[in-house]
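Trainee: Mind looking at a prediction? Sequence and model below.
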Amino acid sequence: VPTIGVFDSGFGGLTVLKALTEVFPEAGYLYFGDTARLPYGSKSAETVARYACEAAKFLERQGAELLVIACNTATALALPKIHEAVSVPVLGVVEPGAQRAHAASKSGKAVVIGTEATISSHAYREALAALGIESLEKACPLLVPLVEEGWVDHPVTEEVACIYLKEAFRDGFASADVLLLGCTHYPLLKPVLQRVVPVGVTLVDSAESVALAVLNFTISGPTRVGPGQLEGVRLPEKSSAVRANMRFFVTDSVEKFKRLGTRFLGCEIVNIEHVDLKE
Ligand code: DGL
């Protein structure tokens, strides 16, 4: 298993790191959280691409042999540029998420939720359309701050999610049977989201999906994962070995990362270094 570099705008990507450690408990991990410059979800493609490429190069210099772009916004807006910026293989979250949504949908219709920037890029819509899935994309900008506030199982969050999703699962999309979670923070909201979607809707988590794509990549090499190829691949039973060899790099306070990050990773975070990236 290669040393895996995980990039995110901040804390949220720890949900992806967690999913990766469940698949590869023994791998080495380098995690970069651009906490000084988050949120990415409200920024322009140019800015996000510039930040993400710097971070990707940093992770490559630190020894990452494979890069996982955990941030949905960075994947949606800047994946081709990140590919160009480094010489190691790069996997983003959009394609694997779309593939699992395709595998899970019978109606051929999905609702995608994410940040403002992810949704306006239509990266998910395009990836899903290429697999024959029609999608309705809905920006849910209030959900990230609610999760960061720790309100993951809170009536206010449930109300907000309910309003957003009612606006999505209607008209032509009342029959959608998949909700694709296109943001790093949303896996923490799964219980709330499952309660507010119509009965029978499957939640597809882009964090788990990318972990499976990395598994597929390490087995079959850098071939493009074809539609349906992840269908038979299952996540191993949850492992408690979340203490794999991990180093963390953050651009803002180490203390704050430790505090907030624990919530996302589900265990205490050590080995955090502050870094300043030169523009
Ligand atoms: N990591 C971002 C994403 O997955 C959410 C947080 C942000 O806006 O920076 O889209």
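Mentor: Structure received.
Trainee: Any buried residues in stretch 60-68, and which?
Mentor: Within stretch 60-68, the residues scored as buried using 16 or more other CB atoms under 10 Å are 60, 64-68. (Each C-beta comes from the backbone N, C-alpha and C, glycine too.)
Trainee: Indicate the residue of the stretch 101-250 of the chain located nearest to the ligand.
Mentor: residue 184 (3.7 Å; CB to the nearest ligand atom).
Trainee: thought that residue was touching residue 7?
Mentor: No: in terms of CB atoms under 8 Å, residue 184 does not count as a neighbour of residue 7; the distance is 10.8 Å.
Trainee: The two: which has the busier surroundings?
Mentor: residue 184 (32 against 29; other CB atoms under 10 Å).
Trainee: who touches the more buried one in this structure?
Mentor: Neighbour list for residue 184: 8-9, 12-16, 70-72, 206-207 [criterion: CB atoms under 8 Å, 6 or more residues apart in numbering].
Trainee: In strands, which of the residues you listed fall?
Mentor: residue 8 (DSSP state E).
Trainee: Out of the contacts of residue 184, who's the most crowded?
Mentor: residue 72 (39 neighbours).
Trainee: Stretch 12-32 - what's its average pLDDT?
Mentor: Averaging pLDDT along stretch 12-32 gives 94.
Trainee: please begin residue numbering at 237 from this point
Mentor: Sure, I'll start counting at 237 from here, so that last one is stretch 248-268.
Trainee: sec struct for the residue of the chain at minimum distance from the ligand, please.
Mentor: Going by CB to the nearest ligand atom, the ligand is nearest to residue 277 of the chain, at 2.7 Å. Per DSSP: H, G, I helix; E, B strand; the rest coil, the secondary structure class of residue 277 is coil.
Trainee: Could you give the number of residues near it?
Mentor: 28.
Trainee: So for the nearest residue to it once chain neighbours are set aside, what's the pLDDT?
Mentor: Of all residues not flanking residue 277 in the chain, residue 351 sits nearest, at 2.7 Å (CB to CB, 6 or more residues apart in numbering). Residue 351 carries a pLDDT score of 97 in this model.
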